[in-house]
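# have a look; sequence and predicted model below, questions after that.
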Amino acid sequence: MVPIAAAVVLLGLFGGAETLNFDHLSSGAMPPYWSAPVVLSGKPPHWAIAPDPSAPSRHNVFAQLSSDAGRNREPLAIFDKVVCADGDLSAKFKIVKGRESASAGVVWRYQDPRNYYYLQFSANRKRITLYRMQNGNLVMLPIHESAQTVTELSRELKPDEWYVVRILYKGSHFKVWFGNRKLFEADDNTFTGPGKTGICTKGDTVAYFDDFRIEKKS
């Protein structure tokens, strides 16, 4: 167990932003201010600090390590310290493996395990999809890329490679950057009130996360 005084080193306050790199925690620990809600389907996830020499900020990552399959299994890790309606969210992630699924992403305006927004990156399906989890059902949301509106984007995502994603959300409008380049915009007014942020995988995906950052805008 890491003392709270030491764990606070993880939380960098820069202009109201919380930045976490997980590097001062012991391997196998659950980081402070995080929780892993019960998944709606399948076996519980296994979230823990793990070492990774390739981590963007060495040497630790926050990892989902269980590889239990399940088509509707959505392992979540939620950052409980910050609750906001509007925010600037970013994270780095690496999809390590997954037979049935190889997907990871970020979550915002989290209300409970059945209600939140979820941006998913799938290596096996080679696509990026924006979802609304509402009453336990995932619904694909339309996204606006250049002059077209689609329900998903085709992208080559390689296992064991680090990526960075950023979402700026205000009211019903979302802006998404991937690899520091603007990817798309989207609109949805289902959840506009305050919520938490977090990370998510799918099915049997093992994935690593690093440099999680949330800046509260309202």
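Ah, there it is.
# show me the helices in the protein, by range?
Listed in chain order, the helices of the chain (DSSP state H) span 4-7.
# can you list the low-confidence ranges for it?
Filtered on pLDDT under 70, the chain yields the residue ranges 1-15.
# let's see it at 80
Residue ranges of the chain with pLDDT under 80: 1-16, 39, 70-71.
# contact partners for Leu153?
Going by Cβ atoms under 8 Å, 6 or more residues apart in numbering, Leu153 touches 127-129, 143, 145, 183-184. Every residue, glycine included, has its C-beta placed from N, CA and C.
# do Ser41 as well
70-74.
# can you get me a residue count around the residue lying closest to it once chain neighbours are set aside?
Of all residues not flanking Ser41 in the chain, Asn72 sits nearest, at 4.0 Å (Cβ to Cβ, 6 or more residues apart in numbering). Neighbourhood size, Asn72 [other Cβ atoms under 10 Å]: 13.
# pretty sure Asn72 is in contact with Glu100, am I right?
No. If you go by Cβ atoms under 8 Å, Asn72 and Glu100 don't touch, sitting 11.2 Å apart.
# circling back to that earlier point, of the contacts of Ser41 - the most surrounded one?
Highest count within the contacts of Ser41 by other Cβ under 10 Å belongs to Glu74, 27 neighbours.
# I'd like the distance between that one and Tyr208.
Distance, Glu74 to Tyr208, by Cβ to Cβ, to the nearest Å: 17 Å.
# my read: Lys196 touches Val82, true?
Yes. Lys196 is within contact range of Val82, at 6.9 Å (criterion: Cβ under 8 Å).
# quick one, phi/psi of the residue lying farthest from the centre of the chain?
Distance from the centre of the chain peaks at Ala147, with 27.2 Å (Cα atoms, centre = their mean). Taking degrees, to the nearest 10, you get phi -100, psi 10 for the backbone angles of Ala147.
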